[in-house]
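> Show me how the following folds:
(chains A and B)
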There are 2 protein chains.
Amino acid sequence: MKKINTAPISGMQELLPKEQALFDHFKQQIAKTFAINGFLNIETPAIDRTEVLLAKAGGETEKQIYRVFKTAETADDSDQALCFDHTVPLARYLAEHQNQLDFPFRVSQIGRIFRGERAQKGRFREFYQCDIDIIGRSNLPIAYDAEIISTLSTALTCLEIPTFTVRLSNRKLLSGIFASLNLQDKASLVSEILDKSLKVNQSTTKAALAELSLKPDQITVLESLLESKGPFTTAINQLEQLNITHPDFIQGVSELKLVSSLLVASQVNFVIDPSIVRGLDYYTGTVFEIFIDNYQSIGSICSGGRYEHLAEYYTSQPLPGVGGAIGLTRLFYVLNENKLVKSQEIKPVDFAIIPFSQTESIPAIALSRKLQSLGFFTDLIFSDKKLGQRITHAASIAKHLIILGESEVKTGKILVKNLQSGETQPLSEMIKNL
Amino acid sequence: MKKINTAPISGMQELLPKEQALFDHFKQQIAKTFAINGFLNIETPAIDRTEVLLAKAGGETEKQIYRVFKTAETADDSDQALCFDHTVPLARYLAEHQNQLDFPFRVSQIGRIFRGERAQKGRFREFYQCDIDIIGRSNLPIAYDAEIISTLSTALTCLEIPTFTVRLSNRKLLSGIFASLNLQDKASLVSEILDKSLKVNQSTTKAALAELSLKPDQITVLESLLESKGPFTTAINQLEQLNITHPDFIQGVSELKLVSSLLVASQVNFVIDPSIVRGLDYYTGTVFEIFIDNYQSIGSICSGGRYEHLAEYYTSQPLPGVGGAIGLTRLFYVLNENKLVKSQEIKPVDFAIIPFSQTESIPAIALSRKLQSLGFFTDLIFSDKKLGQRITHAASIAKHLIILGESEVKTGKILVKNLQSGETQPLSEMIKNL
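Numbering: from 1, shown residues only, chains lettered A, B, ... in the order given. I've put the predicted structure just below:
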């Protein structure tokens, strides 16, 4: 019989059990951090109406969306597709359930989303994203912006990745500057250049701005803006020295000050960086991106910001919010690619128990249940192979080995072999010392 | 602006945060039980090639499958669909990665699968299934069958659902009986009648068998088979008294005996019930279904069995296995429908902390971080509303409330209000007594 191609579809992550254990550990650490910071988890369906998903998006997103259809269509079914992010389903969820939710609503979503991107190394078509958002019913204090950043920063710290820095800005700085320089019509082009300035040198940025026919004094102000980066108090001083009097700018600096002071209280490692723009046009205030210090080329590993009108396509209630997300599948991939994950041998099982023959199966089960009741992870390896093969199997999955033969069952004297050190000790002694 | 319909698609579970917390708790309990019993978790992509998914299935499955396509097709893309179970992707995974896996391979899969069923109360188009399987490379001792059943039974016990019973049989009993009664050509029709016998009375079963033109002595044997149910030793005695000498039957009884004796050792609540057939034609030995004792009408809440040729469409390696699954979304739904879930008010947050004014935000953050470092879940409620509204919000999500005003910050004397009892005590005392 011709056998079928069994490779997973390209762009879809499929891990061996030991890699999966590490990935699951990452996911659990993130989930735990979100919960400990008061975020309530929700899960929206992976499939939604295309009308809902594309209410705002269009363009690039529409091209990447996976449409779904049932082979046996029924009349009640609308046009449907796989969710490409957590933000749109959250907006729909909020619109639908707002009267049954308590605001400010701290919400987390950890799950797989789907984008039909062109297959490419490190680009995923199905990937985990870990989102948190805090939503107000009609108003939401700026202090919550710091909660989002601090929670995401704590989650990343729990993953034991190399040191990283939050780069923080506020979109109102830009809107204030654009207004005071009369640059509103070039806002998106200038934003794009500022966004790229972190990756290129100063003269390239200057040249790009000049190409847009900006006047020298406009360029000077924008350059001074970009230079107003670094530690909190220094950067704020520099921003204030720009002497921009537009109320948006003043408001932006004031918000940046408040968020910064709260991040200091939460011991978050951050700098102010006005080149942080974030592409999505729904951000209205705080914006941030997180980079691993010695691996900026990886790109940001986490980002987010403040928005005012998330659910406007679905409800007339304002529902302002602030949120951010860790792209877990991509993060896991780049950490592995750059060997930034401690590649410790994970042994998921504490005790592998081998009943020497079928006669010892029942006492082996009893011993296994006893060890499990003490919280240990166990595996029973029944006899289908030679003892040597069973011991090799035990060594590949477990930290300790117990072989249960006739005499062990009779005397109750059970020995435990440490599969790393090779040392042997009585089980009774080992458990006593724990 | 016309607002979009924001209800989730029918047949898709969408829960409010408190229901979701209970659902997540169920999922975690199951995952923990699987891990403690030595099962290694894997996760296969939600999307696979249609060719892989339909290699065996066809028929009903083909009609229920959700096909997916990208709006912007690229040449490398094959015909794709959403996975309708975990068994087919597991077979593909085993075929693809068999040389990097250790056998016997104890594997768990917990995730969402998709079936385009007609929308109907209690039928889900997207649902969680929690599967475990143990796979041998070419051979797998029968003792592992008991491991699957015992692990699933433990997982269900951890959910604190009402008492349930495992109904256990072995497909070799039937194949032996069909061979010795010369009924092979009516095997599937008779199996179907036996399968339904649990839900109808004895005379209905007898009449149905007679309609197939079975001879009275054939019907007598089948009736005696169905009567051979109940506790382990009684049922085995009755089966042996049928005096069927076909080797399949003898083998079936012997396997049933072994599995039963190991289930006794694991303290699983089970009975032998030869009416358990299981529809799927790939089961070859042990089969089981689990029912809640006083709610048989719900149907089985967990089932599985032994198979010999799981991956035959993908590899020539035999890979025999035994497995079972809990349909978690459906189980959660029927438990709620029948009010079998303790509807305790879940308060996910231990301490809600309210800074009285913006001045207390920083000390509130410091206190929150300190409580988190002790393992507590906290929520900070900043000032956007009146204090009364903030206290109401705290009461809806948290067990305890701390209000941090000027004097609390100055003196360090912090009071904690128990939001259930209304009692107040100093935080220092409360933490000391934990």
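> Tell me the secondary structure of A:Asp24, please.
helix (DSSP: H, G, I helix; E, B strand; the rest coil).
> Give me the distance between it and A:Lys18.
Using Cβ to Cβ, to the nearest Å, one gets 11 Å for the distance from A:Asp24 to A:Lys18. Yep, even glycine has a C-beta here, placed from its N, CA and C like the rest.
> What residues sit buried inside the lowest-mean-pLDDT helix or strand in chain A?
Among the helical and strand segments of chain A, the one scoring lowest on mean pLDDT, DSSP states H and E is helix A:59-64, with a mean of 74. By neighbour count on 16 or more other Cβ atoms under 10 Å in any protein chain shown, the buried set for helix A:59-64 is A:61, A:64.
> downstream neighbour of it in the secondary structure list?
For helix A:59-64, the following helix or strand on the C-terminal side (DSSP states H and E) is strand A:66-70.
> what is the rounded mean pLDDT of that following strand?
Confidence over strand A:66-70 (mean pLDDT, whole number) is 87.
> anything in that strand near chain B?
Yes: judged by Cβ under 8 Å from any Cβ of the partner chain, strand A:66-70 and chain B are in contact via A:66-70.
> A:Gly230 pairs with what?
Using DSSP bridges, the beta-bridge partners of A:Gly230 come out as A:Ile272.
> Am I right that it is in contact with A:Val271?
Yes: at 5.6 Å, A:Gly230 counts as touching A:Val271 under the criterion of Cβ atoms under 8 Å.
> Which one's more surrounded, those two?
The residue with the greater number of neighbours, taking A:Gly230 and A:Val271 and applying other Cβ atoms under 10 Å in any protein chain shown, is A:Val271; the counts read 17 against 13.
> if I read this right, the more buried one contacts A:Leu168, doesn't it?
Yes: under the criterion of Cβ under 8 Å, A:Val271 is in contact with A:Leu168, at a separation of 7.1 Å.
> excluding its backbone neighbours, what's nearest whichever residue of the stretch 301-434 of chain A sits closest to chain B?
When Cβ to the nearest Cβ is the measure, the stretch 301-434 of chain A has its nearest residue to chain B at A:Asp379, with 3.1 Å between them. Setting aside the residues directly before and after it, A:Asp379 is nearest to B:Gly38 in space (Cβ to Cβ, 6 or more residues apart in numbering or on different chains), at 3.1 Å.
> quick one: contacts for the one you found?
Going by Cβ atoms under 8 Å, 6 or more residues apart in numbering or on different chains, B:Gly38 touches A:348-349, A:352, A:377-380, A:397, B:106.
> In three-state terms, label it for me.
Here B:Gly38 is coil, with the state taken from three-state DSSP.
> picking that back up, how far away from the center of its chain is the least confident helix or strand of chain A?
Between the centre of helix A:59-64 and the centre of its host chain there is 22 Å, according to Cα atoms, centre = their mean, to the nearest Å.
> Likewise for stretch A:324-340?
The offset between the C-alpha centroid of stretch A:324-340 and the centroid of the whole chain comes to 9 Å, using Cα atoms, centre = their mean.
> what comes up buried for it?
For stretch A:324-340, a neighbour-count test (16+ other Cβ under 10 Å) marks A:324-335, A:340 as buried.
> Include pLDDT when you put those into TSV, please.
Conversion of the buried residues of stretch A:324-340 to TSV gives the following (pLDDT from 0 to 100):
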residue	pLDDT
A:Gly324	98
A:Ala325	98
A:Ile326	98
A:Gly327	95
A:Leu328	97
A:Thr329	96
A:Arg330	94
A:Leu331	95
A:Phe332	95
A:Tyr333	95
A:Val334	93
A:Leu335	93
A:Leu340	87
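> Would you mind naming what in the stretch 251-400 of chain A lies close to chain B?
Along the stretch 251-400 of chain A, the residues adjacent to chain B under the rule Cβ under 8 Å from any Cβ are A:258, A:261-262, A:265-267, A:313-316, A:348-349, A:352, A:358, A:361-362, A:365-366, A:369, A:372, A:375-384, A:393, A:396-397.
> Nearest to chain B within the stretch 151-300 of chain A, name that residue for me.
Checked against chain B (Cβ to the nearest Cβ), the nearest residue in the stretch 151-300 of chain A is A:Ala265, 4.3 Å away.
> how about the strands in the stretch 101-250 of chain A?
Taking DSSP state E, counting those that start in this stretch to define them, one finds strands in the stretch 101-250 of chain A at A:105-114, A:126-135, A:164-170.
> Among those strands, which comes closest to chain B?
Once Cβ to the nearest Cβ is applied to the strands of the stretch 101-250 of chain A, the stretch that comes out nearest is strand A:126-135, at 5.4 Å.
> and the closest one, average pLDDT?
Model confidence over strand A:126-135, given as mean pLDDT, is 97.
> and what of stretch A:412-429?
Averaging pLDDT along stretch A:412-429 yields 94.
> Check whether it comes into contact with chain B.
No: contact of stretch A:412-429 with chain B is not found when judged by Cβ under 8 Å from any Cβ; the minimum separation is 13.3 Å.
> hmm, back to that, phi first, then psi, for the residue nearest to A:Asp379.
Main-chain torsions, B:Gly38, degrees, to the nearest 10: phi 80, psi 10.
> Also the one 4 residues further on?
Backbone torsions for B:Ile42, taken as degrees, to the nearest 10, come to phi -130, psi 160.
> looking at it, it is touching B:Ser108, isn't it?
Yes: here B:Ile42 lies in contact with B:Ser108, judged by Cβ under 8 Å, at a distance of 7.5 Å.
> List just the nearest of the residues of strand A:66-70 next to chain B to chain B.
The shortest gap between chain B and any of the residues of strand A:66-70 next to chain B belongs to A:Lys70, at 3.2 Å (Cβ to the nearest Cβ).
> how about the residues of the stretch 101-250 of chain A near chain B?
Taking Cβ under 8 Å from any Cβ as the criterion, the stretch 101-250 of chain A approaches chain B at residues A:101-104, A:106-107, A:112, A:114, A:116, A:118-119, A:125-126, A:136, A:139-141, A:143-144, A:146-147, A:150.
> let's see 6 Å
Among all residues of the stretch 101-250 of chain A, those adjacent to chain B (criterion: Cβ under 6 Å from any Cβ of the partner chain) are A:102, A:116, A:118, A:126, A:139, A:141, A:143.
> Those into JSON lines, with extra columns for neighbour count?
Rendered in JSON lines, the data for those read as follows (neighbours: other Cβ atoms under 10 Å in any protein chain shown):
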{"residue": "A:Asp102", "neighbour count": "15"}
{"residue": "A:Gly116", "neighbour count": "26"}
{"residue": "A:Arg118", "neighbour count": "14"}
{"residue": "A:Glu126", "neighbour count": "22"}
{"residue": "A:Asn139", "neighbour count": "11"}
{"residue": "A:Pro141", "neighbour count": "20"}
{"residue": "A:Ala143", "neighbour count": "24"}
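> of all the residues you listed, which comes closest to A:Leu94?
Of all those, the one with the least separation from A:Leu94 (Cβ to Cβ) is A:Asp102, at 12.2 Å.
> neighbours of A:Leu198, just the number please.
17.
> Excluding chain neighbours, give the residue nearest to it in space.
In this structure, A:Leu198 finds its nearest non-sequential neighbour in A:Ser275, 5.1 Å apart by Cβ to Cβ, 6+ apart.
> Help me confirm that that neighbour is found in a helix?
No: secondary structure of A:Ser275, determined by three-state DSSP: coil, with no helix assignment.
> Go ahead and confirm it touches A:Val200.
No: between A:Ser275 and A:Val200 no contact is recorded; they are 10.5 Å apart, counting by Cβ atoms under 6 Å.
> Alright, calling it a day.
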